[in-house]
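S.K.: the amino acid sequence is not available; the structure is as follows:
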């Protein structure tokens, strides 16, 4: 039995992993909070996922969820969606560490943790939480796999990330000239499914990106070509982002500013080695753009 934590998140990665597992005929359980979208919960049940109540802030529920589990896959985070009482500290840090502890106590054999690119390395709460959980997992005695994707297309090239393509407007962080190997969460889900049960994926971390690195301004140009209309661009300077981070007393706001500063830095990922070991086709930014703009 496989346990997915984060299966009803807004980004959709956890749900995509559930679909991958069920399509492979693997029994799958998902931890679902009372506040989860009823439609997302129904979608999981419809594909044969065993849904159990739980919350990363409730260690007891995690221990119950881990009973009889062989592999835990965790994608949960408050960054794209959070509920009252959620903080970076009690979900992305403490909650994830409680999940690792619950897995150890329940005799789980392996754990797949979705972190983020090692190049996202500035000092801010979300980054620090991710790295602390990575260390805790490596020291746990579990067979671990850490996936480190760079910036998701479906978040950072969508209205939720300030890329408002339906209205031909885009917010760019920094000058927008540094390339990023934008990745689709669907590809991360497929990579996670491949890694589960693969002996060669055990006790390893994988940096994950898309098939090409494009600067944010190049992405805007691509959308303009496909849309046939110019975009209105707003740039938020690196200095302004640094001020936002240093002046905020809220860990979520500090983390958003920190992530935006890393976006401004750029992040190029070489996928040569991962693809040599685990061959798969990757989604390009053009593929994504044509999909969301209904050109295919």
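M.R.: Structure received. What you see is a predicted model, and the numbers here were worked out from it, not measured in a lab.

S.K.: how close does the closest residue to residue 87 other than its chain neighbours sit to residue 130?
M.R.: Using C-beta to C-beta, 6 or more residues apart in numbering and skipping the chain neighbours, the partner closest in space to residue 87 is residue 251 (6.1 Å). Placement of C-beta: from N, CA and C, glycine included. Residue 251 is 13 Å from residue 130, where distance means C-beta to C-beta, to the nearest Å.

S.K.: who's more crowded, these two?
M.R.: Neighbour totals were compared for residue 251 and residue 130, and residue 130 leads with 25 against 19 (other C-beta atoms under 10 Å).

S.K.: where's that one, which helix or strand?
M.R.: helix 125-138 (DSSP states H and E).

S.K.: now stretch 151-168: buried residues?
M.R.: 151-158, 161-165 (16 or more other C-beta atoms under 10 Å).

S.K.: point out where the chain drops to low pLDDT.
M.R.: Scanning the chain for pLDDT under 70 picks out 295-296.

S.K.: which strand is the longest one in this structure?
M.R.: If you go by DSSP state E, the chain has its longest strand at strand 143-149.

S.K.: tell me the strands beside that one, with direction?
M.R.: Neighbouring strands of strand 143-149 in its sheet, by DSSP bridges, are strand 110-114 (parallel), strand 204-208 (parallel).

S.K.: so which of these is the most surrounded?
M.R.: Stretch with highest mean neighbour count among these: strand 110-114 (a mean of 24; mean count of other C-beta atoms under 10 Å).

S.K.: relative to the whole chain's centre, how far out is that strand?
M.R.: What separates the centre of strand 110-114 from the centre of its chain is 13 Å, taken as C-alpha atoms, centre = their mean, to the nearest Å.

S.K.: repeat that for stretch 115-135.
M.R.: 12 Å.

S.K.: from the buried residues of stretch 151-168, which land in strands?
M.R.: Using DSSP E, these in strands are 163, 164.

S.K.: put together TSV for the buried residues of stretch 151-168, with distance to residue 179 on each row.
M.R.: Putting these into TSV (distance: C-beta to C-beta, whole Å) gives the following:
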residue	distance to residue 179
151	11
152	16
153	14
154	19
155	18
156	13
157	14
158	19
161	17
162	18
163	16
164	22
165	19
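
S.K.: specify which member of the buried residues of stretch 151-168 is nearest to residue 89.
M.R.: Taking C-beta to C-beta as the measure, residue 89 sits nearest to residue 155 out of the buried residues of stretch 151-168, at 21.8 Å.

S.K.: name the nearest residue to that closest one, sequence neighbours excluded.
M.R.: Nearest non-adjacent residue to residue 155, counting by C-beta to C-beta, 6+ apart: residue 161, 4.9 Å away.

S.K.: surely that neighbour meets residue 170?
M.R.: No: between residue 161 and residue 170 there is no contact under C-beta atoms under 8 Å: 9.6 Å.

S.K.: any common contacting residues for these two?
M.R.: Listed contacts common to residue 161 and residue 170 are nil; contacts here mean C-beta atoms under 8 Å, 6 or more residues apart in numbering.
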